[in-house]
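J.: Compute the structure for the input listed below.
(one chain, ligands or ions: 1)
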Amino acid sequence: MKLFTVGPVACYPEVLEVMKHQMFSHRSEEYKKLHLETVELLKEFLETENEIFLFPSSGTGVMEASVRNCVKRKMLVCVCGSFGERYVEVGRTNGKEVEVLRTDLGEPITPDILDEKLAKCRDVEAVAITHNETSVGLINPLKELAEIVKKHGKLLFVDAVSSMGGVDIKVDEWGIDICFSSSQKCFGIPPGLAVGSVSREALKKAEEVENRGWYFDFKLFEKYQRRAGTPTTPPIPQIFGLNKILHLIEEWGGKYRYFQLYAERNRKIRMGIEKLGLNLFPKRGYESPTVSCVKAPKNIGGEEIYEKMRSKGFELAKGYGPLKTSTFRIGNMGYIEFKDIDEMLEALETVLAELKEN
Ligand SMILES: Cc1ncc(COP(=O)(O)O)c(C=O)c1O
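T.: Residues are numbered from 1 along each chain as shown. Just a heads-up that it's a prediction; the model follows:
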């Protein structure tokens, strides 16, 4: 099966190869070396001096950690799809008051509406933004939004689950306090590892917040980071995988070359879709560079397209949440060859013709 999923995605063979490495203790010298080197590589990749913590969870774990560690009472969540809605739920189920800035589906969060909202709710301590809303295939203008959040003097949490590794994020320059992602997306590693950068400000805030819990306590992570480790047993194979992909990205010409590769794959998919007479769901100019959310043609369900494509050997992704039947999604994350894109688009043409005949 050729994967054009939105996570877990197909992994690079070189990544899978290093994950076979024999285990060692997470308190051993071997682990410390792997930990330190991987953290350094990721710091360079994200252009940050902030702490980089490695979490034994998926990305949602760090979403919850941001709320538990750095919000005493109230936060603002920007919502333009299902993962923003999840952030709201995570905030509320952790007992925080959550203000919501919600756009119509397919519309981005713009600096103007965020500025207006923040002027009205001055008492929020932090703002959460989904960088790339995977459910609708939309990317928000993070750099510009970050400027607004900083102008209002708030902490900034960024869900970069489906953008980190596929598009540039300058953590320090943009002033991002917490920026997190999962292994199974743009880095093309199996699931089980989440990574997050955490600023000095965020760590200072954590000191004032009670009931941070234990498993995701940033202060505990900071303490263990000084020993080149994590509080609990980390997913060592995935850390080997992350270390490998970060080295490979360097070998292949650096991060901008890697982002270029993502952009080229994405463009090829988008052009193919348009040639088939289909349109993307999000507002023009805000289409995600890592996942294309495609409107299903009239009278054909997105799920039917997904199933038929599977029968031809291509796993795409179904529409998500309220867009389940009206869209389908094509990811371009992880290990994908250009010839696979050609084959996938050919199969899609056949599938659409077959479904139209029925
Ligand atoms: C934007 C976004 N945020 C959060 C998540 C949840 O990530 P995880 O499944 O790693 O917890 C996803 C997963 O698809 C996502 O795309």
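
J.: contacts, neighbours, all on C-alpha from now
T.: Noted.

J.: Name the residues that touch the helix or strand that contains Ala202?
T.: Using DSSP states H and E, Ala202 sits in helix 200-208. Contact with helix 200-208 is made by Asn50, Glu51, Asn69, Cys70, Val71, Lys72, Leu155, Asp177, Ile178, Arg212, Phe218, Lys219, as judged by Cα atoms under 8 Å, 6 or more residues apart in numbering.

J.: if you look at those residues, which of them are in strands?
T.: Mapping the contacts of helix 200-208 onto strands (DSSP state E) picks out Glu51, Leu155, Ile178.

J.: could I get those residues as JSON lines with distance to the ligand?
T.: What follows is those, written out as JSON lines (distance: Cα to the nearest ligand atom, whole Å):
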{"residue": "Glu51", "distance to the ligand": "20"}
{"residue": "Leu155", "distance to the ligand": "19"}
{"residue": "Ile178", "distance to the ligand": "14"}
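
J.: Among those residues, name the buried ones.
T.: Neighbour counting by 16 or more other Cα atoms under 10 Å classes Glu51, Leu155, Ile178 among the ones in strands among the contacts of helix 200-208 as buried.

J.: want to throw the residues you listed into JSON lines with pLDDT?
T.: Listed next are those as JSON lines, based on pLDDT from 0 to 100:
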{"residue": "Glu51", "pLDDT": "98"}
{"residue": "Leu155", "pLDDT": "98"}
{"residue": "Ile178", "pLDDT": "99"}
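
J.: May I have the phi/psi pair for Lys2?
T.: phi -90, psi 130 (degrees, to the nearest 10).

J.: ok, now Gly301?
T.: phi -80, psi 140.

J.: in what helix or strand does Phe157 lie?
T.: Per DSSP H and E, Phe157 falls inside strand 155-159.

J.: now that strand against helix 200-208, angle please.
T.: For strand 155-159 against helix 200-208, the angle by axes from the mean of the first three to the mean of the last three Cα atoms, to 10 degrees is 100 degrees.

J.: could you say what helices and strands whichever helix or strand comes after strand 155-159 packs with?
T.: Next along the chain after strand 155-159, taking DSSP H and E as the criterion, comes helix 171-174. Under the contact definition 3 or more Cα pairs under 8 Å, 6 or more residues apart in numbering; DSSP states H and E, helix 171-174 sits against helix 142-151.

J.: what's the helix it packs on in contact with?
T.: By Cα under 8 Å, 6+ apart, the residues outside helix 142-151 that reach it are Thr110, Pro111, Leu114, Asp115, Leu118, Val127, His131, Leu155, Leu156, Trp174, Gly175, Ile176.

J.: Selection in PyMOL covering whichever of the residues you listed are buried, please.
T.: To isolate the buried members of those in PyMOL, using 16+ other Cα under 10 Å:
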select buried, resi 111+114+115+118+127+131+155+156+174+175+176
